[in-house]
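> build the 3D model from these lines:
(one chain, ligands or ions: 1)
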Amino acid sequence: MATGVPPTTSINNTILNHNNKKRSSDNEDYGYNSMIITKKAAIAAKEDPVAALASARHEFGEHGGVNMSIEASATFTVMEPETMRRLFSGELGPDRDYFIYSRHFNPTVLNLGRLMAALEGTEAAYCTASGMSAISSVLLQLVGAGGHIVASQTLYGGTHALLTHFLPRTSGINTTFVDICDHAAIKAAIVEGMTKVVYFESVSNPTLTVADIPEVCKIAREKGVIVVVDNTFAPVVISPARLGADVVVHSISKYISGGADIIAGAVCGPASLLNSMMDLHQGALMLLGPTMNAKVAFELSERLPHLGLRMKEHCARALEFAKRMKKLGLKVIYPGLEDHPQHELLKSICSQEYGYGGILCVDMETEERANRLMYQLQNCTQFGFMAVSLGYYETLMSCSGSSTSSEMSEEEKARAGISPGLVRMSIGYTGTLEQKWAQFEKALGKLQDVKFSVRHK
Ligand SMILES: Cc1ncc(COP(=O)(O)O)c(C=O)c1O
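From the prediction side, this is the model:
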């Protein structure tokens with residue numbers, strides 16, 4: 001029996017000591033192709049993500065500290081030389097508290113993985129050095145050389161470049177891009193026997209298109225294709241795996257970190273997938289080595305407990321600002337607004353008590369107008385910072401077409417609906433809401449002083 005990462009969903013609020021020898025037999029009726037889940041996992045699947053996080057195993061420190069100890073070791077020792085052979089043969093593994101080397105499983109990173117699995121309602125998870133390494137590793141693992149992916153045409157620019165340029169060149173993996181809202185197009189693009197993965201973002205970067213996850217999963221399942229969802233924009237708000245997705249990936253660098261100080265990622269999915277990714281001979285994580293450092297994993301595990309609170313505030317402010325910006329006549333894109341094309345869909349799939357997401361876009365139509373607005377907002381009224389990324393406690397603003405989506409051609413951007421003047425705002429929660437709104441209005445007023453006209457609907 002192969003050993004490896006234990007399934008989190010079977011561990012319920014248990015304090016396990018260092019020498020816990022839990023066997024991974026619970027793993028055996030899981031499988032990412034078979035879609036079989038155990039009763040316990042099915043119950044966990046319905047759970048609120050924050051409740052699931054609170055029910056996850058709490059790791060205490062070696063001396064009884066409320067916080068876990070950091071296993072800051074690159075390598076691990078054994079008592080008997082024979083144990084080493086058993087480790088390398090896969091007979092002994094992390095499910096029995098045996099570790100080899102931290103490019104393979106590390107206990108502190110594994111603990112963060114358990115929290116991520118609880119958050120996303122997946123059987124297991126493991127964390128990586130970046131969101132891009134999580135995405136590239138899982139795609140390379142699931143899609144063999146010459147394989148085919150069906151992906152949304154609206155994706156983070158780096159992922160779009162990976163699928164458009166890097167994977168075809170290095171692995172002969174080709175992608176057909178579709179409008180993720182066009183379910184007939186998804187069906188038509190799947191080539192039976194060739195297509196291994198349908199890939200999309202739960203809420204797309206930067207256009208904020210919301211994918212109908214249950215419906216896309218149904219289409220993929222009928223065709224035997226694995227669904228991988230990037231949930232970077234909507235942790236807690238949307239739980240793709242609870243809606244049927246097989247694998248969820250994250251750029252932890254964003255909301256989950258919340259501090260804009262760490263680059264990190266995660267792959268959340270079946271234990272069998274995570275174990276295959278750590279295989280000594282065939283595993284993309286083990287062999288490409290995008291390892292997360294144990295000290296980073298510790299830092300991040302201290303931030304997950306307040307992710308739900310942070311998301312609530314990001315979302316509440318984004319909704320209020322979106323409503324007020326719309327009232328001023330700005331062209332606002334925010335899935336929490338009733339006029340957003342997928343507002344009803346989002347309501348039906350999200351955990352509404354957390355809100356509708358912390359990101360909104362204002363379409364200023366030209367890059368020049370977008371830049372003038374951002375200049376005022378940063379340099380004159382301190383509303384936010386001109387910077388890429390998102391999920392920070394301060395508001396971050398960028399003109400997507402010339403920054404995080406600049407990898408796409410003009411034609412690809414037009415197809416994805418990225419206007420040259422689209423300003424993406426990741427709404428922060430520092431200061432008071434009224435203080436921040438006054439800063440926004442003041443900046444807008446300055447633009448109007450110089451005969452800048454905002455398009456009125
Ligand atoms: C939706 C999305 N996925 C993935 C990534 C890549 O993550 P990272 O920068 O952590 O590699 C980004 C980065 O901006 C993103 O916005």
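> separation between I262 and the ligand?
Here the criterion is C-beta to the nearest ligand atom, to the nearest Å. By it, I262 lies 9 Å from the ligand. No exception for glycine: its C-beta is placed from N, CA and C like everyone else's.
> ok, residues contacting stretch 395-404?
Defining contact as C-beta atoms under 8 Å, 6 or more residues apart in numbering, one finds that stretch 395-404 is touched by 156-158, 205-206, 260, 361, 367, 370-371, 374, 377-378, 383-390, 413, 418-428, 436.
> narrow those to those that are buried.
When the contacts of stretch 395-404 are checked for burial by 16 or more other C-beta atoms under 10 Å, the buried set is 156-158, 205-206, 260, 361, 367, 370-371, 374, 377-378, 383-387, 389-390, 413, 418-428, 436.
> near the ligand, from those?
Here is what survives when the buried ones among the contacts of stretch 395-404 are matched to the ligand using C-beta under 6 Å from any ligand atom: 156, 158, 205.
> and which of these is nearest M286?
For those, the residue nearest M286 by C-beta to C-beta is G158; the value is 23.0 Å.
> surely that closest one meets M132?
Yes. Using C-beta atoms under 8 Å, G158 is in contact with M132, at 5.5 Å.
> got the contact list for the residue of the chain found nearest the ligand?
Relative to the ligand, the nearest point of the chain is G131 (2.4 Å; C-beta to the nearest ligand atom). Residues near G131 by C-beta under 8 Å, 6+ apart: 230, 232, 249-254, 263-265.
> mind giving me the ChimeraX select for these, buried ones only?
With 16+ other C-beta under 10 Å as the criterion, this ChimeraX line picks the buried residues out of the contacts of G131:
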select :230,232,249,250,251,252,253,254,263,264,265
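> please report the distance of A54 from H104.
Separation of A54 from H104 (C-beta to C-beta, to the nearest Å): 29 Å.
> which of these two has more residues huddled nearby?
It is H104, of A54 and H104, that has more neighbours when counted by other C-beta atoms under 10 Å, with 20 against 14.
> and what about that one, helix, strand or coil?
Here H104 is recorded as coil under DSSP: H, G, I helix; E, B strand; the rest coil.
> hang on, it packs against M286?
Yes. Between H104 and M286 there is a contact at 5.9 Å, judged by C-beta under 8 Å.
> now for the two: what residues contact both?
Here H104 and M286 share the contacting residues 278, 280, scored by C-beta under 8 Å, 6+ apart.
> okay, and L360 sits in which element?
Per DSSP states H and E: L360 is located in strand 359-363.
> give me the helices and strands touching that strand, please.
Judged by 3 or more C-beta pairs under 8 Å, 6 or more residues apart in numbering; DSSP states H and E, strand 359-363 is in contact with helix 307-327, strand 332-333, strand 422-426.
> how about these in CSV, adding distance to I190 and mean pLDDT?
Converted to CSV, the helices and strands packed on strand 359-363 look like this (distance: least, C-beta to C-beta, whole Å; pLDDT from 0 to 100):
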stretch, distance to I190, mean pLDDT
helix 307-327, 33, 98
strand 332-333, 29, 98
strand 422-426, 30, 97
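> save the ones you listed as TSV, and put in distance to E47 too.
As requested, the helices and strands packed on strand 359-363 are exported to TSV (distance: least, C-beta to C-beta, whole Å):
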stretch	distance to E47
helix 307-327	13
strand 332-333	31
strand 422-426	27
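> centroid residue for this structure?
In the chain, the C-alpha nearest the mean C-alpha coordinate belongs to H250, at 2.3 Å (C-alpha atoms, centre = their mean).
> contacts only, for the nearest residue to that residue once chain neighbours are set aside.
Setting aside the residues directly before and after it, H250 is nearest to A266 in space (C-beta to C-beta, 6 or more residues apart in numbering), at 4.5 Å. By C-beta under 8 Å, 6+ apart, A266 lies in contact with 112-113, 116, 125-128, 134, 249-250, 252, 256.
> swap in 6 Å and give it another go.
Neighbouring residues of A266 by C-beta atoms under 6 Å, 6 or more residues apart in numbering: 116, 125, 127, 134, 250, 252.
> for the helices and strands packed on strand 359-363, which one ends up most surrounded?
The highest average neighbour count among the helices and strands packed on strand 359-363, using mean count of other C-beta atoms under 10 Å, belongs to strand 422-426 at a mean of 26.
> ok, residues contacting that one?
206, 359-364, 370, 390, 396-400.
> tell me what the lengthiest strand in the chain is packed against?
Ranked by number of residues, the top strand in the chain under DSSP state E is strand 195-201. With contacts defined as 3 or more C-beta pairs under 6 Å, 6 or more residues apart in numbering; DSSP states H and E, strand 195-201 has these neighbours: strand 148-152, strand 226-230.
> go again with 10 Å.
helix 131-142, strand 148-152, helix 157-161, strand 174-178, helix 183-189, helix 213-222, strand 226-230, strand 247-251 (3 or more C-beta pairs under 10 Å, 6 or more residues apart in numbering; DSSP states H and E).
> which residues touch T232?
Contact analysis of T232 by C-beta atoms under 10 Å, 6 or more residues apart in numbering lists 131, 134-135, 156, 159, 201-203, 205, 248-256, 265-266, 390-391.
> what bridges to the nearest residue to it once chain neighbours are set aside?
Closest residue to T232 apart from its sequence neighbours, by C-beta to C-beta, 6+ apart: S251 at 4.4 Å. Per DSSP bridges, the residues bridged to S251 are G265.
> show me what contacts S251?
S251 neighbours (C-beta under 10 Å, 6+ apart): 128, 130-135, 156, 158-159, 205, 230-233, 257, 263-266, 389-391.
> how much space is there between it and G355?
Using C-beta to C-beta, S251 is found at 20 Å from G355.
> what do you get for F88?
Computed with C-beta to C-beta, the distance linking F88 and G355 is 48 Å.
> so the two - more neighbours on which side?
Neighbours per residue (other C-beta under 10 Å) separate F88 from G355, with G355 holding more: 21 against 11.
> and which of the contacts of strand 422-426 is nearest to H343?
L360 (13.0 Å).
> gap between the closest one and R96?
L360 is 48 Å from R96, by C-beta to C-beta.
> pLDDT (mean, whole number) over stretch 276-291?
The average pLDDT for stretch 276-291 rounds to 97.
> no wait, stretch 201-209
Taken as a whole, stretch 201-209 has a mean pLDDT of 97.
> one more: stretch 259-269?
Here stretch 259-269 scores 98 as its mean pLDDT.
> what's the first-to-last distance across it?
25 Å (C-alpha to C-alpha, to the nearest Å).
> same question, stretch 69-84
End to end - C-alpha to C-alpha - stretch 69-84 spans 24 Å.
> pull the residues that contact it.
18, 59-63, 85-87, 91-92, 98-111, 291, 293-299, 301.
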